[in-house]
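Chemist: Quick one: sequence plus predicted model below, questions after.
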Amino acid sequence: MSMNLLLIEDHPIFRVGVRQLVQQHWPSATIREAGTLREAIAAVHDVFFELAVVDLNLPDTSGIEALSQMLRVAPATKVLVLSLNSEAAYAQRSLQMGAAGYLTKDRAASELVPALERILAGGRYISRSLAEQLSDQVSGIRKAFPHEELSAQEYRVLVQLAQGRSVGEIAVSMRLSPKTVSTYRSRVLSKLLLGNNVELTRYCQTHGLVDPA
C-alpha cells in the first residue's frame, strides 16, 4: 500500500524506530519527518498526508496545542497522537478534539501498526488499558476530575496559562481576541474553584497536565 505519512517527533532515535515499524509493514510508504511543529506545518503546505503521527511534546509547543494546530492546518489528515502520558484524560481530550487515535510510547512497538491499520480503515484507536480507564469514568467507577469537564477551548487556555503564557500570547496561538481568552480564563478559574494563575499552575502540575517546574 502506498501512502504519505508525516512523523512529528523531536527524538531522532524514536523517529528511527517508528520509521522501521511503518516501513516493515508498508514498504512503499513515503515517510516525512519533522522535529518541530513549525517544520510539520511547512510540510503539510507542500504535500497531502493521509496520516500524521504526532508527539505532544515538541520543542516549540507542548500538550494538546500540537494536536490542535495540526488539525487546523491539515483537517483532512488523520492524526494518531503518540505520547509519553498514559492518563486517560489525555486520550479522551485528544479524541474529542478530532484525533483518530491515541497511543502511549511504551506501547508503540506492539501497537503502532495495528493502530495505523485501524485508522486507515476509518476507525479510531486507543489501547485496551486506556479504554478501560475511560470506561470506568463513564460508568461512574471513577469520578471525573474538574478539568475533564472543561470545553476544548477552556482546556487549551488552562494548559497554556499553566505553562506561563500570557493572555496575549494565548490569543495569538488560538487566533482569538485577548478579551475572549480572558473570558475563558475566568470560566476555568470558576469551574476549578481556583483564585489565580499560581493556583491554576499548581493544579495542572498536581494532575500531570504540565511538567512540574
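Modeler: Yep, it's here. Numbering: from 1, shown residues only.

Chemist: tell me which residues in stretch 162-173 are buried?
Modeler: Residues of stretch 162-173 classed as buried under the neighbour-count rule (16 or more other Cβ atoms under 10 Å) are 162-163, 165, 167, 170-171, 173. Every residue, glycine included, has its C-beta placed from N, CA and C.

Chemist: Give me the contact list for that stretch.
Modeler: 62-63, 65, 156-157, 160-161, 176-178, 180-182, 185, 197, 200-201, 203-205, 209-210 (Cβ atoms under 8 Å, 6 or more residues apart in numbering).

Chemist: still on that earlier bit, of all the buried residues of stretch 162-173, which comes closest to residue 27?
Modeler: residue 173 (38.7 Å; Cβ to Cβ).

Chemist: one step back: now, the contacts of stretch 162-173 that are in helices?
Modeler: Secondary structure of those is defined by DSSP state H; positions in helices are 65, 156-157, 160-161, 178, 180-182, 185, 197, 200-201, 203-205.

Chemist: ChimeraX command to pick out the buried ones of the contacts of stretch 162-173?
Modeler: Here the buried members of the contacts of stretch 162-173 are turned into a ChimeraX selection, burial being counted by 16+ other Cβ under 10 Å:
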select :62,63,65,156,157,160,161,176,180,181,185,200,201,203,204,209,210
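
Chemist: quick one on the thing from earlier: of the buried residues of stretch 162-173, which pair is most distant in space?
Modeler: For the buried residues of stretch 162-173, the maximum inter-member distance is 16.4 Å, found between 162 and 171 (Cβ to Cβ).
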